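**Student:** can't give you the sequence, but here's the structure:
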């Protein structure tokens, strides 16, 4: 594993009177980090600052390479583009370019050798399941294909830092699992920061989870440490359909399912206290903790 580190110290950003980030401080070493929070929590602002698409009002970001040389990432120019891959939430892909041409263009911007670029493009297209359409125009691609192409351009050149904003948005379950496995596979020698609303995408691959609320870190720990905080607070409740509305009024219901055998409804409930006599504790998930922390704003 490479001995590299990305340090973010006291980064703040405001838009007028609205504070998007407040003194954000965190350190990252090789591995996958999840950035979780509802809309407006500051996730995309942070990613745009790290990638130098947006200037912070204050704070510093430094990158230490495996030789122990520390550099200010926002002043590294072309050298930083070689180290960093970015997949934005809304990628601006050129509709008249073909898949292959876009990746060749991105390879040139990253300063890759032509032969290495050809080899990388072939391998990456295979990994993201686009190897059968290298000459198709981007404008003719489906939303899921464009999403996978955006990921492909980000990982091109084997960057040491990978910033991914909603990498599985618009993908079907099979593609989502494939992309998640691919990200986990390449994470050994990279710092990968993923912002996502799909909590299950990062629950089992993230080294640490950073939870943001209105620009402030409210928690930062490995997934198992976060879920441990709500042990004994997640319940499986059996009830009738008629009882569901009252349960939703009294408790935070995170899932509703039908028991085909009994015809009753099975609820997953977050509660400090036992919600009913006919219930039992169940192991908490990262999604449970997310909803426990953010409550109703998590779905805004």
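**Tutor:** On my side now, so go ahead. As the structure is a prediction and not an experimental result, all values here were calculated from the model.

**Student:** where do the helices sit along the stretch 51-200 of the chain?
**Tutor:** 77-83, 99-109, 114-127, 143-155, 173-186 (DSSP state H, counting those that start in this stretch).

**Student:** please work out which of those helices is packed deepest.
**Tutor:** Among the helices of the stretch 51-200 of the chain, helix 143-155 has the highest mean neighbour count (mean count of other CB atoms under 10 Å), at a mean of 21. C-beta: built from backbone N, CA, C; applies to glycine.

**Student:** and the helices in the stretch 201-300 of the chain?
**Tutor:** Using DSSP H, counting those that start in this stretch, helices in the stretch 201-300 of the chain cover 223-228, 244-250, 286-294.

**Student:** dump the ones you listed to CSV, plus mean neighbour count and distance to residue 260.
**Tutor:** Shown next, in CSV, are the helices of the stretch 201-300 of the chain (neighbours: other CB atoms under 10 Å; distance: least, CB to CB, whole Å):
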stretch, mean neighbour count, distance to residue 260
helix 223-228, 16, 29
helix 244-250, 12, 17
helix 286-294, 21, 24
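
**Student:** mean pLDDT added to these, as JSON lines?
**Tutor:** Conversion of those to JSON lines gives the following (pLDDT from 0 to 100):
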{"stretch": "helix 223-228", "mean pLDDT": "96"}
{"stretch": "helix 244-250", "mean pLDDT": "93"}
{"stretch": "helix 286-294", "mean pLDDT": "93"}
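
**Student:** where's residue 8, which helix or strand?
**Tutor:** Element membership for residue 8 (DSSP states H and E) is strand 5-15.

**Student:** run through the chain and note the low-pLDDT ranges.
**Tutor:** Scanning the chain with the threshold set as pLDDT under 70 gives 73-81, 296-300.

**Student:** thinking again about what came up before, using TSV, lay out the helices of the stretch 51-200 of the chain together with distance to residue 216.
**Tutor:** Below are the helices of the stretch 51-200 of the chain laid out as TSV (distance: least, CB to CB, whole Å):
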stretch	distance to residue 216
helix 77-83	27
helix 99-109	34
helix 114-127	36
helix 143-155	27
helix 173-186	27
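
**Student:** between those helices, which one is nearest to residue 209?
**Tutor:** Closest to residue 209 of the helices of the stretch 51-200 of the chain, according to CB to CB: helix 173-186, at 15.0 Å.

**Student:** circling back: among the helices of the stretch 51-200 of the chain, which is nearest residue 133?
**Tutor:** So among the helices of the stretch 51-200 of the chain, helix 99-109 is nearest, using CB to CB, at 5.9 Å.

**Student:** how big is the angle separating that closest one from helix 114-127?
**Tutor:** 130 degrees (axes from the mean of the first three to the mean of the last three CA atoms, to 10 degrees).

**Student:** list the buried residues in the strand holding residue 8.
**Tutor:** Neighbour-count burial for strand 5-15 flags 5-6, 8, 11-13 (criterion: 16 or more other CB atoms under 10 Å).

**Student:** my read: residue 172 touches residue 144, true?
**Tutor:** Yes: between residue 172 and residue 144 there is a contact at 6.7 Å, judged by CB atoms under 8 Å.

**Student:** ok, back up a step: what helices and strands are in contact with the strand holding residue 8?
**Tutor:** strand 18-28, helix 43-50, strand 58-64 (3 or more CB pairs under 8 Å, 6 or more residues apart in numbering; DSSP states H and E).

**Student:** what's in contact with it?
**Tutor:** 19-29, 42, 45-46, 49-50, 54, 56-64, 73, 161, 191, 215 (CB atoms under 8 Å, 6 or more residues apart in numbering).

**Student:** OK, contacts around residue 197?
**Tutor:** 166, 169.

**Student:** coming back round to it: closest to residue 284 out of the helices of the stretch 51-200 of the chain?
**Tutor:** Using CB to CB, the helices of the stretch 51-200 of the chain put helix 173-186 closest to residue 284, at 20.8 Å.

**Student:** and the angle from that closest one to helix 143-155?
**Tutor:** Using the same axes, to 10 degrees: helix 173-186 against helix 143-155 is 10 degrees.

**Student:** can you offset everything so residue one is 54?
**Tutor:** With 54 as the first residue, the last one maps to helix 226-239.

**Student:** doesn't residue 88 make contact with residue 263?
**Tutor:** Yes: using CB under 8 Å, residue 263 is in contact with residue 88, at 5.3 Å.

**Student:** those two: who's more crowded?
**Tutor:** residue 88 (26 against 22; other CB atoms under 10 Å).

**Student:** please consider this matter closed, and thank you.
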